[in-house]
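Enquirer: what's the 3D shape of this:
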Amino acid sequence: AVVSTQSTGFFFLNILNTIHCIHTNIITMEGSKDNPIVFFDVSMGGHNIGRIKIELFHDIVPKTAENFRQFCTGEFRKAGVPLGYKGSSFHRVIKDFMIQGGDFVKGDGTGRVSIYGDRFEDENFKLKHTAAGLLSMANSGVGTNGCQFFITCGPAAWLDNKHVVFGQVLDGMKTVRIIENVSVTPTNKPKIPCMITECGEL
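Expert: I've put the predicted structure just below:
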């Protein structure tokens, strides 16, 4: 169904009012001062909803962190064309669980590519899914990491030792919560596009 600009605007205002009542604090892990910091500027239905600032745990999972960093900066190129998260969407949202994005290949959760080739191995499982605001790799099984990721909306212990945690939200958890509360289809696809309009390294 087509979502009009007017109805999108009403939703946006309602969710902003609601979000003030939602717990947005996160438990931050102590990382290295040399870890890279990246960002996503996000829009919902064409409206800017804020910036998500993320620390990448290069000191613990350097290969995984570098893959994500280059997709944020556009450094990785294929046939001379930058590939990365700018212009891609959060295509899967499950309230109280996670928001998933990063499929700039197909846009529906079936695409995969990495800076190392089609896929790369699970680097390690030292970090666990203990809180909201953790950045972790989405996959389709052992050793199938590519470009897709998710940000947790709460603890998710059942994902430990199956998905590689490699970063944390430092600022912008309110933006994560706005995305988390978007209306979705029965297949968990947002009814209003949630897009990464700009991204890079700080």
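Enquirer: Which stretches in this structure count as helices?
Expert: Along the chain, the segments classed as helices by DSSP state H run 5-19, 62-73, 173-180.
Enquirer: Mind listing residues that contact the longest strand seen in the chain?
Expert: Of all the segments assigned as strand in the chain under DSSP state E, the longest by residue count is strand 47-56. Here strand 47-56 makes contact (Cβ atoms under 8 Å, 6 or more residues apart in numbering) with 8-9, 12, 31, 35-43, 65, 68-69, 135, 151, 166-176, 178-179, 197, 202. No exception for glycine: its C-beta is placed from N, CA and C like everyone else's.
Enquirer: Can you select the buried ones from those residues in PyMOL?
Expert: A single PyMOL command is used to select the members of these judged buried by 16 or more other Cβ atoms under 10 Å:
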select buried, resi 8+12+31+35+36+38+39+40+41+42+43+65+68+69+135+151+166+167+168+169+170+171+172+173+175+176+178+179
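Enquirer: where does the chain have low pLDDT?
Expert: 1-31 (pLDDT under 70).
Enquirer: And the strands in it?
Expert: Counting by DSSP E, the chain has these strands, from start to end: 37-44, 47-56, 77-78, 81-82, 90-94, 98-101, 134-137, 149-152, 165-171, 194-201.
Enquirer: quick one: the last one to helix 62-73, angle?
Expert: Here strand 194-201 points in a direction 110 degrees away from that of helix 62-73 (axes from the mean of the first three to the mean of the last three Cα atoms, to 10 degrees).
Enquirer: Need the residues that contact strand 194-201.
Expert: 36-44, 48, 69, 72-74, 84-90, 93, 99, 101, 179, 182.
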